[in-house]
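1. heads up, no residue letters with this:
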């Protein structure tokens, strides 16, 4: 059985995962990294995950996510789940 200290350490340890991207997807990721001044691809993915999590939370709360210019709704994001 793990001690509380060992359990806490396991919760805070970083997990390493590996992705495969098509050349087109990698180009898009590289472009977004430059546009957002992300220091690394890991930072870019973490930021994207937070944004997606926020969109999911908003949908679950019954809200729509979209782009608004002034008072005009320009685009509503359709989440596919």
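-> Yes, it's here. Quick caveat: nothing in here was measured; it's all calculated off a predicted structure. Numbers count the residues shown, from 1 in each chain.

2. The protein: strands as residue ranges?
-> Here the chain has its strands, by DSSP state E, at 65-69, 72-77.

3. and the shortest one, what's its mean pLDDT?
-> Along strand 65-69, the predicted local confidence has a mean pLDDT of 95.

4. ok, now stretch 72-81?
-> 90.

5. Name the residues that touch it?
-> 55-56, 59, 64-68 (Cβ atoms under 8 Å, 6 or more residues apart in numbering). The C-beta positions use only the backbone N, C-alpha and C, and glycine is treated the same way.

6. Name the residues of the longest helix along the chain that are buried.
-> What stands out as the longest helix in the chain, according to DSSP state H, is helix 41-60. Residues of helix 41-60 classed as buried: residue 44 (neighbour count, 16 or more other Cβ atoms under 10 Å).

7. which residues are in contact with that helix?
-> Helix 41-60 is contacted from outside by 29, 32-33, 36, 38, 64-65, 77, 79, 81, using Cβ under 8 Å, 6+ apart.

8. now the strands of the chain in CSV, with distance to residue 25 and mean neighbour count?
-> CSV is the format used below for these (distance: least, Cβ to Cβ, whole Å; neighbours: other Cβ atoms under 10 Å):
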stretch, distance to residue 25, mean neighbour count
strand 65-69, 22, 11
strand 72-77, 19, 10
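
9. Residue 33 and residue 45, how far apart?
-> Between residue 33 and residue 45 the computed distance is 10 Å (Cβ to Cβ, to the nearest Å).

10. And residue 69, by the same measure?
-> Residue 69 sits 28 Å away from residue 45, taking Cβ to Cβ as the criterion.

11. Contacts only, for residue 68.
-> Counting by Cβ under 8 Å, 6+ apart, residue 68 makes contact with residue 74.

12. quick revisit: just flag the most distant two among the contacts of stretch 72-81.
-> Considering Cβ to Cβ, no two members of the contacts of stretch 72-81 lie farther apart than 56 and 68, which are separated by 19.5 Å.
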